[in-house]
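Enquirer: Take a look and give me a structure for this.
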Amino acid sequence: MDLIAPIDAVFLLAESREHPMHVGSLQLFEAPEDAGPDFARLTHEKLLACKDIDSTFRKHPATLFGAPQLAWTKADDVELEYHVRRLAVPRPGRLDQLVELASGLHSTLLDRHRPLWEIYLIEGLADGRFAVYSKMHHALIDGVSAQRVIQRTLTNDPAATAAKVPWNLPRTPREPAAESTSALRGAARNLLSAAASGPALLRTARSILIQQQLTMPFEAPRTMFNVPIGGARRTVVRSWPLERIKQVKKATGSTINDVVLSMSAGALRAYLAERDELPDKPLIAMVPMSLRSADDVETNGVKVGAALCNLGTDVADPLERLRVVSESMRKSKEVYGSLSNLQTMALSALMVSPIALSLLPGLVPLTNPPFNIVISNVPGPREPMYWNGARLDATYPMSIPFDGQAVNITLTTNADNLDFGLVGCRRSVPELPRLLDHLEDALTALEEAAV
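Expert: I've put the predicted structure just below:
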């Protein structure tokens with residue numbers, strides 16, 4: 001058995017019927033020109049024939065000393081027919097029906113008695129395309145790692161017909177590491193060390209925030225998003241040409257992520273305003289940042305940091321709002337860039353730690369939210385990609401709403417597009433598709449003001 005890292009264990013402890021803790025992805029593919037009507041069935045059979053399964057995809061929680069969130073065990077036999085399933089969209093096979101099907105799949109818990117992942121091959125779309133919905137537990141793999149795993153199943157060669165599978169990818173060569181102790185004893189030592197130094201590190205992180213005059217957790221205004229949530233999810237998706245965002249970036253001297261955050265800020269401002277719910281204070285977004293180096297190819301565990309971004313939702317002018325967002329993110333990046341690895345982890349822990357407080361019953365309605373929303377931009381491929389000869393048209397990320405964080409915005413790059421996936425609590429966030437319309441309006445306003 002391997003001990004579960006403390007930050008990974010939080011996602012197991014936090015999970016309940018109302019709070020599924022897995023990350024998902026909905027990929028949309030166009031079958032090859034010579035594909036017959038049985039292409040999806042034959043692809044599914046090809047997937048089931050891949051019986052070699054990597055250790056990460058064999059892991060599920062074990063009970064150690066009476067606690068089920070302390071250690072991982074690995075299944076000797078993995079029933080692929082359970083983890084890799086074939087479904088169909090009902091007629092007439094519209095895209096919104098596909099997304100609704102994926103929303104239902106995203107609402108259900110993973111079985112902890114089995115490895116914590118599932119993949120669905122979905123056919124029946126009227127335009128002949130098919131989709132792959134996958135979900136993996138956040139304790140098993142973080143969102144950036146999950147995206148990297150999915151990307152490694154793809155190729156830029158349209159003639160390649162190998163259906164690479166995430167549970168059996170070739171390993172990237174790494175320098176052998178010396179193992180002076182067992183994995184269990186090593187993990188225990190690291191856990192004790194982190195526990196001993198944790199309070200001092202958090203004091204250091206808080207001091208950094210105050211000195212740099214950055215946004216502190218719990219300074220965000222209360223909104224309709226910052227309420228207890230139910231377990232049912234609704235997902236909406238849309239793609240935007242990356243060139244549109246690049247033109248605004250070029251004209252304003254900002255970054256792509258700044259423009260995306262400003263789009264999101266404008267959409268949230270409009271959505272709340274039309275419901276008379278827009279607060280006077282600006283909304284604060286938690287923006288995850290990958291702490292993995294470019295050559296870090298490991299997929300185990302969570303390696304993400306966090307910045308708190310002032311979204312400027314109290315500002316009507318789109319260019320001024322973009323300036324507020326850019327300045328907020330610039331300060332955060334400068335601070336992170338000046339820290340040691342240990343200080344970086346401490347600061348990130350301070351930013352993310354308020355999510356753990358949502359586990360305490362009844363606490364969410366009694367406190368100001370630590371931040372209003374999570375907005376995440378996950379790197380994706382910058383060229384057309386293929387899988388089993390099929391062209392990838394879109395990759396829509398599907399992330400995790402939390403108690404007190406009823407909606408999540410995640411996006412990823414796919415060749416010439418930015419693919420957005422918005423996931424919200426069905427009960428707490430009415431008319432979620434309106435946010436997509438407001439995202440388009442916000443980008444148009446930036447274009448008209450800047451380009």
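Enquirer: Next, residue 282: secondary structure please.
Expert: Here residue 282 is recorded as coil under DSSP: H, G, I helix; E, B strand; the rest coil.
Enquirer: mind pulling up the phi and psi values for it?
Expert: Here the main-chain torsion angles of residue 282 (degrees, to the nearest 10) amount to phi -70, psi 140.
Enquirer: And residue 373, by the same measure?
Expert: The main-chain torsion angles of residue 373 are listed as degrees, to the nearest 10 and equal phi -160, psi 150.
Enquirer: How about residue 315?
Expert: When read as degrees, to the nearest 10, the backbone of residue 315 gives phi -110, psi 130.
Enquirer: For it, list the residues it contacts.
Expert: 282, 321, 324 (CB atoms under 8 Å, 6 or more residues apart in numbering). To be clear about C-beta, it is placed using only N, CA and C from the backbone, and glycine gets the same treatment.
Enquirer: Wait, the first one touches residue 313, no?
Expert: Yes. Because the distance of 5.0 Å satisfies CB atoms under 8 Å, residue 282 is recorded as touching residue 313.
Enquirer: Which of these two has more residues huddled nearby?
Expert: Between residue 282 and residue 313, counted using other CB atoms under 10 Å, the more crowded position is residue 313 (28 against 24).
Enquirer: List the buried residues of the helix or strand containing residue 334.
Expert: Using DSSP states H and E, the element containing residue 334 is helix 318-337. Buried residues in helix 318-337, counted by 16 or more other CB atoms under 10 Å: 318-319, 321-326, 328-329, 331-332, 335-336.
Enquirer: Make CSV from those and add distance to residue 271 to it.
Expert: Written out in CSV, the entries for the buried residues of helix 318-337 read as follows (distance: CB to CB, whole Å):
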residue, distance to residue 271
318, 15
319, 20
321, 15
322, 18
323, 22
324, 19
325, 17
326, 22
328, 21
329, 22
331, 27
332, 25
335, 30
336, 30
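Enquirer: After the lowest-mean-pLDDT helix or strand in the chain, heading C-terminal, what element do we hit next?
Expert: Counting by mean pLDDT, DSSP states H and E, the chain has its least confident helix or strand at helix 183-211, which shows a mean of 45. With elements assigned by DSSP H and E, the helix or strand that comes after helix 183-211 is strand 233-241.
Enquirer: before we move on, the earlier item: let me know the closest of the contacts of residue 315 to residue 423.
Expert: Looking at those and their distance to residue 423, the nearest is residue 282, at 23.0 Å (CB to CB).
Enquirer: ok, now how distant is the closest one from residue 275?
Expert: With the distance defined as CB to CB, to the nearest Å, residue 282 ends up 17 Å from residue 275.
Enquirer: returning to that earlier point: please produce JSON lines containing the buried residues of helix 318-337, extended by pLDDT.
Expert: Formatted as JSON lines, the entries for those read as follows, by pLDDT from 0 to 100:
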{"residue": "318", "pLDDT": "98"}
{"residue": "319", "pLDDT": "97"}
{"residue": "321", "pLDDT": "98"}
{"residue": "322", "pLDDT": "98"}
{"residue": "323", "pLDDT": "97"}
{"residue": "324", "pLDDT": "96"}
{"residue": "325", "pLDDT": "96"}
{"residue": "326", "pLDDT": "96"}
{"residue": "328", "pLDDT": "91"}
{"residue": "329", "pLDDT": "90"}
{"residue": "331", "pLDDT": "84"}
{"residue": "332", "pLDDT": "82"}
{"residue": "335", "pLDDT": "76"}
{"residue": "336", "pLDDT": "74"}
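Enquirer: Which positions in stretch 373-380 come out as buried?
Expert: Neighbour-count burial for stretch 373-380, with 16+ other CB under 10 Å as criterion, is recorded at 373, 374, 375, 376, 377, 378, 380.
Enquirer: Which stretches in the stretch 251-400 of the chain count as strands?
Expert: Along the stretch 251-400 of the chain, the stretches classed as strands by DSSP state E, counting those that start in this stretch are 284-290, 304-310, 373-378, 386-387, 390-398.
Enquirer: neighbouring strands for the third one, and are they parallel or not?
Expert: Each strand pairing with strand 373-378, determined using DSSP bridges, is listed with its direction: strand 284-290 (parallel), strand 407-414 (parallel).
Enquirer: now it: mean pLDDT?
Expert: Averaged over strand 373-378, pLDDT sits at 93.
Enquirer: again with the last one
Expert: In this model, strand 390-398 has an average pLDDT of 96.
Enquirer: For that strand, buried residues please.
Expert: When neighbours are counted by 16+ other CB under 10 Å, the buried residues of strand 390-398 are found to be 390, 391, 392, 393, 394, 395, 396, 397, 398.
Enquirer: Name the nearest residue to residue 413, ignoring sequence neighbours.
Expert: Leaving out its chain neighbours, the residue that sits closest to residue 413 by CB to CB, 6 or more residues apart in numbering is residue 380, at 3.8 Å.
Enquirer: Also residue 123?
Expert: Leaving aside its chain neighbours, residue 123 sits nearest to residue 40 (3.9 Å; criterion: CB to CB, 6+ apart).
Enquirer: Can you spell out which helices and strands pack onto the helix or strand harbouring the one you found?
Expert: Secondary-structure assignment from DSSP H and E places residue 40 in helix 39-48. Using 3 or more CB pairs under 8 Å, 6 or more residues apart in numbering; DSSP states H and E, the elements in contact with helix 39-48 are helix 80-83, strand 84-88, strand 117-123, strand 130-137.
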